[in-house]
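Participant: can't give you the sequence, but here's the structure:
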């Protein structure tokens, strides 16, 4: 089963990398960019067909390793 | 207007970071992880309401800066 975990910074947490990208896009002349925030995605292949078990395993993975819950939110999507 | 650009490695391109995460998840005892591939997301706020113009600007941003088209694919979603 394929899944995607998306990890993004919580609002209010500064994102200097996003700011740098925003500046670079402006200096490349790309119109209308008001803000950029960068995050991470993890495309994970899970064995088995039990969607509940997969969801639970992915939430555990995000809590323990993929996201820092102090500053990041995550979202799990099963496909 | 909010948009999300997701950048992922093309299939066939080695992903040592994903492999390391896969190993770490296994050693944390998280069940059933067959593979992990890491990518990036950019949450971009675009000024104006012209969806076509926004889509074009985002594709230009991805081509010029956000993705390396030799090794990465990107996907633009307008919300």
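Facilitator: Good, I have the coordinates. Fair warning: this is a prediction, and the values are worked out from it, not measured in the lab.

Participant: correct me, but residue A:18 touches residue A:34?
Facilitator: No: using CB atoms under 8 Å, residue A:18 is not in contact with residue A:34; the gap is 11.7 Å. Any C-beta I mention is one placed from the backbone N, CA and C, and that applies to glycine too.

Participant: just want to know which of those two has more residues nearby.
Facilitator: A direct count of neighbours by other CB atoms under 10 Å in any protein chain shown for residue A:18 and residue A:34 places residue A:18 higher, at 18 against 12.

Participant: distance from the chain centre to the helix or strand hosting that one, please.
Facilitator: Using DSSP states H and E, residue A:18 maps to helix A:16-27. Relative to its chain's centre, helix A:16-27 lies at 18 Å (CA atoms, centre = their mean, to the nearest Å).

Participant: with stretch A:11-31 instead?
Facilitator: With CA atoms, centre = their mean as the basis, the mean position of stretch A:11-31 lies at 17 Å from the chain mean.

Participant: how about it: buried residues?
Facilitator: A:15, A:18, A:21-22, A:24-25, A:30 (16 or more other CB atoms under 10 Å in any protein chain shown).

Participant: near chain B at all, that stretch?
Facilitator: Yes: using CB under 8 Å from any CB of the partner chain, we find that stretch A:11-31 touches chain B at A:18, A:21, A:24-25, A:28, A:30-31.

Participant: pLDDT of the helix holding residue A:18, averaged?
Facilitator: For helix A:16-27, mean pLDDT is 96.

Participant: now for that helix, which elements pack on it?
Facilitator: strand A:33-46 (3 or more CB pairs under 8 Å, 6 or more residues apart in numbering or on different chains; DSSP states H and E).

Participant: nothing else from me, thank you.
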